[in-house]
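**Q** Build the 3D model from these lines:
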Amino acid sequence: MRVLLYSSNYYPEPIGIAPLVTELAEGLVRRGHQVRVVTAMPNYPERKIYPGYRGQVYKSEVRNGVTIDRCFVAIRPKPGLVGRVMLDGSFALLSFFKAISGWRPDVILSTSPSLPACVPVAATRMFYRCPTVLSLQDILPEAAVQTGLLSNKVAIKVFEQLEKFAYASATKIGVITPSFTENLLAKGVKASKIQCVSNWVDVGFVQPKPREESAFRKAHDLEDKFVVLYSGNIARTQGVRTILHSAAQLKDNKDIQFVIVGEKSQLSELRVLRDKLNIDNVLLLPFVAREELPDMLAAADVSLIMQKCKVVGFNMPSKTQVIMASGRAIIASVPVHGAAAQAVRESQSGLVVEPESPTHLTKAILTLHNDLEATKTLGDNGRQYAIDNYSFHQALNAYEALLKSVVPERQRYGIAELAQDFKSPDLEKI
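**A** Residues are numbered from 1 along each chain as shown. Next up is the predicted model:
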């Protein structure tokens, strides 16, 4: 198949949906499909366009067999409502012209967020007269409203209409958890249109290894510490400040060391809070390179998943699968009835505690600190669960099948199949 993958985020962005989309695109290429990605100039999580991509409206490149067509986006470091409109609007407009300037796809695979991108995706579908599959990674605007990121009533109404349009215009919708399915069914989306495909982790790339072999642990003088690690986005939905308040409660325990890894500009606010609390057991570090991720994860004794109370329960942080694959115990400070909590409980890979509660987080940390054997068992459980349920091979099979289900077979009859037919016994007789 020829697949046009429409996503606002892609490599080299290190976190969020970008690594997943990149792995999916390259995986489809290895299966013999042609993939062209329409995306924005890389800007996340710093929220400014990366060096090497600035001062250009469009830029095309090829990486690991994937053609990547990028467009300029109007990005601000701290986008409010106006900034968000500029960002989404610039991507929607400029990406459309790039999308219709290449080869004709058999199918368009789009990701959400960004929700306004559903408009150029629908227009591109009409231009090429091909089906579309929507990969739903978050449910907007519901998630943004619940967390306070979106409060303008007019904007909410507009985004709600965009949400309805996105579901109606897609041929099929891929969701990452069963709770997403329930949400869409309640909104009138037909069950036949929805297919659940869990996000994945490359269990060959992210593998557990003895913590004493971690170069990250050695580089930051953590050899003799019980390391509690949080790595990822430090956004309003994450509740990362709870970690520092828990650290304040444990400041007299010299054996426990907290490590928070995130984007440099986001760490500055945590540094102010750390100084205010007068604690020295929290290490704030910038993101490591992608290839160093498994080593960093191996430095932990316990890894954290953090969400705020008001985060809608269907949200499933992608780091959940990654931590499981690393073979480290999880403490999930998340809504107890949410998708992340359910995954941790089902996998028996960690403890689920009340979100935004430093006291509950502290209690869970001490529980695992005082029972290292149980902590290791939780990590082993998570690793096995990731292998059994979140392998990239399984997800790639599911996405490939989903894409093929909307593409008429005659359009998938390519050169390889034609060449094979010419080797058939009947044709050889002729």
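**Q** use CA for all of it now, contacts and neighbours both
**A** Will do.
**Q** Please name the nearest non-neighbouring residue to Leu293.
**A** Leaving aside its chain neighbours, Leu293 sits nearest to Val206 (7.6 Å; criterion: CA to CA, 6 or more residues apart in numbering).
**Q** Quick check: the one you found vs Ala386, distance?
**A** 10 Å (CA to CA, to the nearest Å).
**Q** what separates Leu136 from Lys218, distance-wise?
**A** Leu136 is 39 Å from Lys218, by CA to CA.
**Q** higher neighbour count, the two?
**A** A count of neighbours by other CA atoms under 10 Å puts Leu136 above the other of Leu136 and Lys218, at 23 against 14.
**Q** got a list of what the more buried one touches?
**A** By CA atoms under 8 Å, 6 or more residues apart in numbering, the contact list for Leu136 reads Thr111, Ser112, Pro113, Ile173, Gly174, Val175, Ile176.
**Q** ok, the third one touching Asp138?
**A** Yes. Because the distance of 6.5 Å satisfies CA atoms under 8 Å, Pro113 is recorded as touching Asp138.
**Q** Am I right that the residue nearest to Leu293 sits in a strand?
**A** No. Going by DSSP: H, G, I helix; E, B strand; the rest coil, the assignment for Val206 is coil, not a strand.
**Q** Leaving out the residues flanking it, which one is nearest to Met296?
**A** Phe216 (5.4 Å).
**Q** Residue ranges of each domain in this protein, please.
**A** Annotated domains of the chain cover 2-200+391-414, 211-388 [automatic domain parsing].
**Q** So which residues of the stretch 251-400 of the chain form strands?
**A** Applying DSSP state E, counting those that start in this stretch to the stretch 251-400 of the chain gives strands spanning 256-262, 282-286, 302-306, 329-333, 350-353.
**Q** I meant the stretch 1-150 of the chain, not that one.
**A** 2-6, 34-40, 58-63, 66-71, 107-112, 132-136.
**Q** Could you measure from the residue nearest to Leu293 over to Arg328?
**A** With CA to CA as the criterion, Val206 and Arg328 are 11 Å apart.
**Q** Check Thr359 too.
**A** Applying CA to CA to Thr359 and Arg328 gives a distance of 22 Å.
**Q** ok, the two, which is more surrounded?
**A** Arg328 (31 against 15).
**Q** Sketch out the low-pLDDT regions of the stretch 301-430 of the chain for me.
**A** 311-314, 410-430 (pLDDT under 70).
**Q** Please, where are all the helices along it?
**A** 319-326, 339-347, 358-369, 372-389, 392-406, 415-421, 425-429 (DSSP state H, counting those that start in this stretch).
**Q** of those helices, which approaches Val197 most closely?
**A** Within the helices of the stretch 301-430 of the chain, the stretch nearest Val197 is helix 392-406; the backing value is 6.5 Å (CA to CA).
**Q** who's Leu4 bridged to?
**A** Arg36, Ile108 (DSSP bridges).
**Q** thought it was touching Thr111?
**A** No. The criterion here is CA under 8 Å, and Leu4 misses it with Thr111 at 11.3 Å.
**Q** And the helices in the stretch 1-150 of the chain?
**A** Using DSSP H, counting those that start in this stretch, helices in the stretch 1-150 of the chain cover 18-30, 81-99, 118-128, 142-146.
**Q** Could you provide those in CSV, with additional columns for mean pLDDT, distance to Arg274 and mean neighbour count?
**A** Formatted as CSV, the helices of the stretch 1-150 of the chain follow (pLDDT from 0 to 100; distance: least, CA to CA, whole Å; neighbours: other CA atoms under 10 Å):
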stretch, mean pLDDT, distance to Arg274, mean neighbour count
helix 18-30, 96, 30, 20
helix 81-99, 91, 30, 18
helix 118-128, 96, 41, 19
helix 142-146, 75, 28, 17
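**Q** got the ones you listed as TSV, with distance to Thr320 columns?
**A** As requested, those are arranged in TSV below (distance: least, CA to CA, whole Å):
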stretch	distance to Thr320
helix 18-30	13
helix 81-99	27
helix 118-128	27
helix 142-146	18
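**Q** and Lys254, which of the ones you listed is closest to it?
**A** helix 18-30 (35.8 Å).
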